[in-house]
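Chemist: From the sequence below, what's the structure:
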Amino acid sequence: MRNFAIFTILLVTLFASGRTKKPITCEAGHFTVGENASLACHFHQNMTSSQHHVYVIHYPFHAPKNFSGNDVLKCSDLSDGVPQCRVAEGYQFNSEITDCLTVRIPDVTELFAGTYVCQLVPPDDTQMIMCNLTVEEQVATETSQALTPSVSYTTLPQQLRSNEETIVAVSVTLSAVIVILLAIILYLIIKNRIYKSQRRTQEKTSPLLQNCDDSTIPKDVDGQQCDSAYNTIIGAPNTLRPSIIPPKEAE
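Modeler: Numbers count the residues shown, from 1 in each chain. Next up, the predicted model:
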């Protein structure tokens, strides 16, 4: 008798579990503005030949309490295998419905954020589980990096102009230094030529130096008188003619 009771309880449990339907679930996620977002509905059975209509409804996060929701997707006539679907603006749907369906949102914005629910019409006793789709702005660091190249392009011409001005200033300074050095060298060359010319003129015209030619100096003259004359007239030793040093007499 006890075994019969346990067997009866097991049969009732298996029958009840077989009658329990899986809930209709919704799957979304977290996205950044500009990304391609999507949400999916998962049903408890293949809806290809179902007599139900399929709705996907959107409830924005800041909607009023009595807000009835926005119809994102409405599909009817599923029984013939070619559902007739209407999709709200900003959403995309490929008309494929089995035990799941996927709605895509290209270039998502914050307007698409909110709670979504997938439901059957007319409704049955299946539980419906909602899902949230969240959207956030791009990170501030990415925005600053995107702006950095444009800032560098605006400052590049100024840098080029500054470099050109520096190069011109350096070139002018170097040219001035070179001109000054050339002028000093030219002055020294001219001064040396004038000095030599004046010295030759004094050598030819001075009466003290007229007898200091090599051909006229006697052999017994040591040239000291000529050297003294050079020092007196020219103001410098006689560098044009070496002093004559008499040879020593043989002992």
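Chemist: Verify the contact between Pro122 and Ser50 for me.
Modeler: No: with the criterion set as C-beta atoms under 8 Å, Pro122 and Ser50 do not qualify as a contacting pair; they are 11.3 Å apart. Backbone N, C-alpha and C define where each C-beta goes, glycine included.
Chemist: Who has more neighbours out of the two?
Modeler: Each of Pro122 and Ser50 had its neighbours counted (other C-beta atoms under 10 Å), and the higher figure belongs to Ser50 (15 against 7).
Chemist: Would you mind listing the residues in contact with the closest residue to the more buried one other than its chain neighbours?
Modeler: Ranked by C-beta to C-beta, 6 or more residues apart in numbering and with sequence neighbours excluded, the top spatial neighbour of Ser50 is Leu78, at 4.8 Å. The neighbourhood of Leu78, defined by C-beta atoms under 8 Å, 6 or more residues apart in numbering, consists of Met47, Thr48, Ser49, Ser50, Gln51, His52, His53, Val54, Ile97.
Chemist: again with Thr134
Modeler: The contact partners of Thr134, taken as C-beta under 8 Å, 6+ apart, are Gly29, His30, Phe31, Ala113.
Chemist: Would you mind naming the residues that bridge with the third one?
Modeler: This means Phe31. Each beta-bridge partner of Phe31 is listed here, defined by DSSP bridges: Val135.
Chemist: I'd assumed Val135 was in contact with it.
Modeler: Yes: using C-beta under 8 Å, Phe31 and Val135 qualify as a contacting pair, with a distance of 5.3 Å.
Chemist: Now list whatever residues contact both of those two.
Modeler: Ala37, Val108.
Chemist: that older thread, closest to Pro83 among the contacts of Thr134?
Modeler: Nearest to Pro83 among these: Gly29, at 25.1 Å, using C-beta to C-beta.
Chemist: secondary structure class for the residue nearest to Ser50?
Modeler: Under the three-state scheme (DSSP: H, G, I helix; E, B strand; the rest coil), the conformation of Leu78 reads as coil.
Chemist: Can you pick out the most distant pair from the contacts of Thr134?
Modeler: Using C-beta to C-beta, the pair of the contacts of Thr134 lying farthest apart is Gly29 and Ala113, separated by 11.3 Å.
Chemist: Between these two, point out the one with more neighbours.
Modeler: The neighbour comparison of Gly29 against Ala113 (other C-beta under 10 Å) goes to Ala113, with 21 against 13.
Chemist: where does the more buried one land on pLDDT?
Modeler: Looking at Ala113, its pLDDT reads 96.
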